[in-house]
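Asks: dropping the sequence and predicted coords here.
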Amino acid sequence: MMRSIDKNYLSKAIKDFCKGTSVTSGKFSCEAPGSVKDLEWNHMDQSHRPYIHSTYSDELRISIGENFANSLTKWGNWPFFLNVMDVRVKEGQYYQTFTIGGLIYVHTVIEMGYIDDSKSLLDINWHISSHWFLKPIHKYLNNKLYKLNIRLQEEDYVIRSQRAILREKGYMFKSDPPNYYNSNMLTNNTIYPLLEDIISINMSDFKESNAINNKKNTSLYKFGKKEISFIIKKISENEFYIWPSVCPHEGASLEDASFCDTSVKCPWHGLSFNAVKLSLKNKSISKYGFIYKLDKDCIKIFNDNSKN
């Protein structure tokens, strides 16, 4: 059970708490692709911030539970600490708070609501509070917060749009329904849809039309079905490295990720995933929910029913 001050009374409650307090309020709203569930996961997933957002550096997780996260972060490169408290008040509503030097208190209310099956509405309202003599600083902070929210939503678009696409294809995640705890588990949380048919790849299929336009690696190929595909690196006629094209962690596209020898680095969270290494010595391997087989001049990929 969660008890909190109603969002409509926050400003008055802060003023009543300390006489002489000035409160300046601001807001930002936008449409976002995907469901409220994925917007909530995106908000609670604090591990993506250093990799996706230019405004965040590493943070120290002080404590975390299903409905809260308490973190210590830095103000840019300055030796200045901010203690940020993030709380889920109820489904689709969050309170995020921090103080600046003990002099200014910022309380943000984040709300998510459905528009239709393909997009949601994000409403962000904040209250900047301090003694009246610091009131002139409010305008500067209000402008900074507005610009910050524009940038954050633009940077998060790649995550939200990808998750919306995956949901349409039947993907699910072990972090459903999301909370602060499972949204930050650095484990294989992607549940891939079942393949309806076996994927068969002949050696003659390794041609330019199936090559991936990866800026960091030019020897990658993509094969698969509409709902799921795989990235293959051909080492020789009898040796291949294979990865799902969707990250096993939380669904990032790996097509333009950083591939290094036998691993790929997730662009959302910085995790590395080892390839399935098919060769004459290892002709059949089970990994990521699928079985991969090297059969003469053909690679076959099909469901590992023992994992279902």
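Replies: Sure, I can see it. Numbering: from 1, shown residues only.
Asks: where in the stretch 51-200 of the chain is pLDDT low?
Replies: Along the stretch 51-200 of the chain, the model assigns pLDDT under 70 to residues 56-58, 76.
Asks: tell me the strands in it, going along the chain?
Replies: 60-65, 68-74, 81-90, 93-100, 104-116, 119-131, 172-173, 190-191, 199-202 (DSSP state E, counting those that start in this stretch).
Asks: for the last one, enumerate the helices and strands it packs against.
Replies: Judged by 3 or more C-beta pairs under 8 Å, 6 or more residues apart in numbering; DSSP states H and E, strand 199-202 is in contact with strand 220-224, strand 298-303. Bear in mind the C-beta positions are built from the backbone N, C-alpha and C, glycine included.
Asks: partner strands of that strand, with direction?
Replies: strand 298-303 (antiparallel) (DSSP bridges).
Asks: same check on the third one?
Replies: The sheet places strand 81-90 alongside strand 68-74 (antiparallel), strand 93-100 (antiparallel), with pairing taken from DSSP bridges.
Asks: what angle do the first one and strand 60-65 make?
Replies: Read it as strand 68-74. Orientation check (axes from the mean of the first three to the mean of the last three C-alpha atoms, to 10 degrees): strand 68-74 against strand 60-65 gives 170 degrees.
Asks: what are the contacting residues of strand 68-74?
Replies: 44, 46, 56-57, 59-64, 80-88, 180, 184 (C-beta atoms under 8 Å, 6 or more residues apart in numbering).
Asks: what about 10 Å?
Replies: The contact list for strand 68-74, computed with C-beta atoms under 10 Å, 6 or more residues apart in numbering, reads 2, 44, 46, 49, 56-64, 80-88, 94-96, 98, 179-181, 183-184.
Asks: in ChimeraX, select just the buried ones from those residues.
Replies: Typed into ChimeraX, the line below selects the buried ones among the contacts of strand 68-74, using 16 or more other C-beta atoms under 10 Å:
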select :44,46,49,56,59,64,84,85,86,87,88,94,95,96,98,179,180,183,184
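Asks: I'd like the strands of the stretch 51-200 of the chain as TSV, with distance to residue 33 appended.
Replies: Listed next are the strands of the stretch 51-200 of the chain as TSV, based on distance: least, C-beta to C-beta, whole Å:
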stretch	distance to residue 33
strand 60-65	27
strand 68-74	24
strand 81-90	21
strand 93-100	19
strand 104-116	10
strand 119-131	5
strand 172-173	16
strand 190-191	18
strand 199-202	28
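Asks: can you give me the helices for this protein?
Replies: For the chain, applying DSSP state H gives helices covering 10-17, 36-44, 49-52, 135-168.
Asks: winner for burial among the strands of the stretch 51-200 of the chain?
Replies: For the strands of the stretch 51-200 of the chain, the largest average neighbour count (mean count of other C-beta atoms under 10 Å) is found in strand 119-131, namely a mean of 20.
Asks: where's residue 70 relative to residue 186, distance?
Replies: 19 Å (C-beta to C-beta, to the nearest Å).
Asks: domain ranges for the protein?
Replies: The record's domain split for the chain, according to automatic domain parsing, is 7-184, 193-307.
Asks: hmm, residue 203 is touching residue 234, no?
Replies: Yes - using C-beta atoms under 10 Å, residue 203 is in contact with residue 234, at 8.8 Å.
Asks: any common contacting residues for these two?
Replies: 240, 299.
Asks: so what sits opposite residue 94 in the bridge?
Replies: Under the criterion used (DSSP bridges), residue 94 bridges to residue 88, residue 110.
Asks: and for the one 10 residues further on?
Replies: When assigned by DSSP bridges, residue 104 has beta-bridge partners residue 100.
Asks: how about it, what does it touch?
Replies: In this structure, residue 104 makes contact with 98, 128, 129, 130, 131, 134, 137, 138, 141, judged by C-beta under 10 Å, 6+ apart.
Asks: please repeat the previous calculation with a cut-off of 8 Å.
Replies: 128, 129, 130, 134, 137, 141.
Asks: separation between the fourth one and residue 141?
Replies: So the one you mean is residue 134. 10 Å.
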